[in-house]
Structures are given as C-alpha cells and as structure tokens.
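Asks: Using only what follows, build the 3D model:
(one chain, ligands or ions: 3)
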Amino acid sequence: MTSAMAKTGKNLSVSQADEKGSVAKQRLITVSIMGKPYEVPEDATIMGAIEFAGHQIIRGAGCREGYCGACATIYRLPGDYKIHTGLACMTMVEEGMTLTQVPYVPAEKAIYDIEKLKPNVTAIQQMYPTVFRCVACNTCTKSCPQGLQVMDYIQAAKRGDIATVMDLSFDCVVCGLCMLRCPAEITQPLVGILAKRLYGRYLRKDSPELAERVKAVEDGAYNAEYAELMSMSRKELSDRYYARDSE
Ligand code: SF4
Ligand code: SF4
Ligand code: FES
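Replies: Residues are numbered from 1 along each chain as shown. Ligands and ions are numbered 1, 2, ... in the order given. Now for the predicted structure:
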C-alpha cells in the first residue's frame with residue numbers, strides 16, 4: 001500500500017482479499033499521523049494505520065504483540081483535552097485521532113555493580129534518588145499501557161521494599177510512557193529493573209523445580225526436541241507456536 005493511495009481520501013472504503021480470496025470492503029476513517037491526515041481502515045491498530053499510510057517503521061516496532069514496549073505512542077481524541085498513551089501495536093485507531101509515536105524516551109541509566117549493593121532503600125537512594133521527588137500524582141499509573149500500579153511501586157521503592165517493587169513492576173515493557181509524563185522526572189522502568197536485579201541476586205527463594213529443569217537441559221533431555229525445531233520451516237514453526245498451550 002502506498003501513501004498516495006491512502007492519502008487520496010476519495011474512497012470511503014478499500015477492498016481487501018482474505019486468505020480464501022474473498023474480497024471484503026473496509027470502511028476508512030481519518031486520523032492524523034505526525035501532523036498529517038490519512039484515510040486508514042477503521043479496524044487498524046495505530047501501527048497498522050501508520051504502515052497503511054505509507055510510513056516504514058524503522059524504530060518503534062518490535063514484537064508487534066504488546067510485549068517489547070518499542071511502540072510507545074501518544075494521541076488525542078476529538079473533543080477530549082487529555083493526552084492518551086498506548087502501544088501502537090495494541091491500540092486501535094479512532095475517527096479524528098491525532099497521534100505520534102515516541103520510539104525512545106531518553107533516561108539516565110545508573111551504572112552499578114550489583115554485588116556492591118544491598119536490597120534496601122540505600123540502593124535506591126544511591127542509584128535513583130529522583131524517586132524521592134515523587135509527588136504522588138498517579139500520572140504514571142494512568143499512563144501505563146500495561147495497567148501497572150506504577151505510583152505504588154515508586155512508593156515501595158521509597159520504603160526500600162524491593163520485593164514489592166519487583167512484583168508490581170514485573171510486567172513493565174519499558175515503553176517509557178510513565179517517565180515521559182512524570183512531573184518529578186523519575187525513571188520508573190529503570191527503578192523496576194534495579195529492584196528485579198536486587199531481588200534476583202539477594203531475595204529470590206531457591207526453586208528446586210528450576211534446578212531440576214536446568215539439570216535436565218544440561219543432561220540433554222530436550223536435545224531431540226531442539227533438533228526437531230531447528231529442522232522446521234518458518235511456517236511449521238509458526239503453526240507449532242500458535243498451536244501451543246499458552247498461559
Ligand atoms: S511502568 Fe512505565 S515503562 Fe513500564 S510499561 Fe508501564 S508505562 Fe511503560
Ligand atoms: S508520575 Fe511521577 S510524581 Fe506522579 S506519582 Fe508517578 S512517579 Fe510520582
Ligand atoms: S511492537 Fe512490541 S509492544 Fe508494540
């Protein structure tokens with residue numbers, strides 16, 4: 001699809017053939033992508049709409065399924081004063097939406113030797129002292145496309161409660177949207193990563209099941225399965241992946 005086709009705005013629908021060759025009409029809606037209006041299918045994700053409009057996403061896309069956090073996006077909707085946040089691969093377009101991607105949010109990463117830190121508030125004070133600037137506005141929580149209680153884990157970091165920070169930030173995809181909006185300029189995902197490292201190094205309980213599984217791997221229990229996977233075509237691998245039992 002070229003941007004010229006998408007930009008004409010003359011047709012209210014496009015034809016699209018499905019896998020069996022049936023042709024269905026898709027209604028088009030108007031969205032503004034990086035300041036320019038485009039007609040895009042109404043059932044597109046933001047990422048799909050950007051590509052339909054003819055843009056090639058070089059930075060700002062990875063897994064395309066809501067896991068990698070590469071596709072942070074901000075947008076507004078007509079008649080709504082709020083700036084909304086979302087992942088481009090998981091958020092559907094809406095009529096009149098104005099959007100732009102934020103493929104990278106600058107943040108200063110603390111450099112540390114985990115062996116020289118302890119899992120307590122001192123580590124937080126030394127590595128991410130900005131945490132103590134939190135004004136408890138909850139903007140970070142409202143910005144999080146993962147639905148995480150971001151403010152709560154920052155409050156836990158202030159108390160030195162590393163286990164709670166690890167737990168509440170566990171599903172963070174490091175999209176950066178919370179730190180982009182934080183009035184105290186805190187780098188929430190990096191605080192979460194520090195807590196996960198501290199937890200893994202000092203607080204993690206031993207797991208007999210994990211030790212057993214690692215030993216089985218080392219003993220070659222899965223070598224035949226690995227060999228089978230390595231011999232499969234891309235399609236066979238894809239079919240196997242989507243047919244798997246998922247949690
Ligand atoms: S905590 Fe922040 S960086 Fe992590 S997923 Fe939520 S908004 Fe993105
Ligand atoms: S946005 Fe920043 S200041 Fe507001 S609650 Fe979250 S961490 Fe605290
Ligand atoms: S591309 Fe990975 S979360 Fe959107």
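
Asks: Just give me the neighbour total for residue 116.
Replies: The local packing of residue 116 (other C-beta atoms under 10 Å) involves 8 other residues. Placement of C-beta: from N, CA and C, glycine included.

Asks: what's the pLDDT at residue 5?
Replies: The model reports residue 5 with a pLDDT of 37.

Asks: Please read the previous query as pertaining to residue 144.
Replies: What the model reports for residue 144 is a pLDDT of 98.

Asks: got it, and residue 89?
Replies: What the model reports as pLDDT for residue 89 is 97.

Asks: Double-check it against residue 45; I have them as touching.
Replies: Yes - Residue 89 is within contact range of residue 45, at 5.8 Å (criterion: C-beta atoms under 8 Å).

Asks: What separation is there between residue 44 and residue 89?
Replies: For residue 44, the distance to residue 89 (C-beta to C-beta, to the nearest Å) stands at 11 Å.

Asks: Could you look up the next helix or strand downstream of the stretch of helix or strand residue 198 belongs to?
Replies: Using DSSP states H and E, residue 198 falls within helix 188-198. Reading on from helix 188-198 to the C-terminus, the next helix or strand found by DSSP H and E is helix 208-218.

Asks: Tell me which of residue 44 and residue 89 has more neighbours.
Replies: residue 89 (22 against 19).

Asks: Now do the contacts for that one.
Replies: Shown in contact with residue 89 (C-beta atoms under 8 Å, 6 or more residues apart in numbering): 45, 46, 47, 61, 63, 64, 65, 66, 71.

Asks: Let me see the backbone angles for the closest residue to the last one other than its chain neighbours.
Replies: By that I understand residue 71. The shortest distance from residue 71 to any non-neighbouring residue, by C-beta to C-beta, 6 or more residues apart in numbering, is to residue 88 (3.8 Å). As for residue 88, its main-chain torsions (degrees, to the nearest 10) stand at phi -60, psi -30.

Asks: Please report the number of neighbouring residues for residue 88.
Replies: Residue 88: 29 neighbours (other C-beta under 10 Å).

Asks: tell me the contacts of it?
Replies: Going by C-beta under 8 Å, 6+ apart, residue 88 touches 45, 46, 47, 50, 60, 61, 71, 72, 73, 101.

Asks: Give me the next element, helix or strand, following the longest strand along the chain.
Replies: If you go by DSSP state E, the chain has its longest strand at strand 23-33. On the C-terminal side of strand 23-33, the closest following helix or strand by DSSP H and E is strand 36-41.

Asks: do the helix or strand following that next one and ligand 3 meet?
Replies: Downstream of strand 36-41, the first helix or strand assigned by DSSP H and E is helix 46-52. No - Helix 46-52 is not in contact with ligand 3 by C-beta under 6 Å from any ligand atom; minimum separation 6.7 Å.

Asks: ok, the longest strand of the chain: who's next to it in the sheet?
Replies: strand 13-17 (antiparallel), strand 36-41 (antiparallel), strand 98-101 (parallel) (DSSP bridges).

Asks: I'd say residue 190 and residue 106 touch.
Replies: No - contact criterion C-beta under 8 Å: residue 190 and residue 106 do not qualify, at 11.6 Å.
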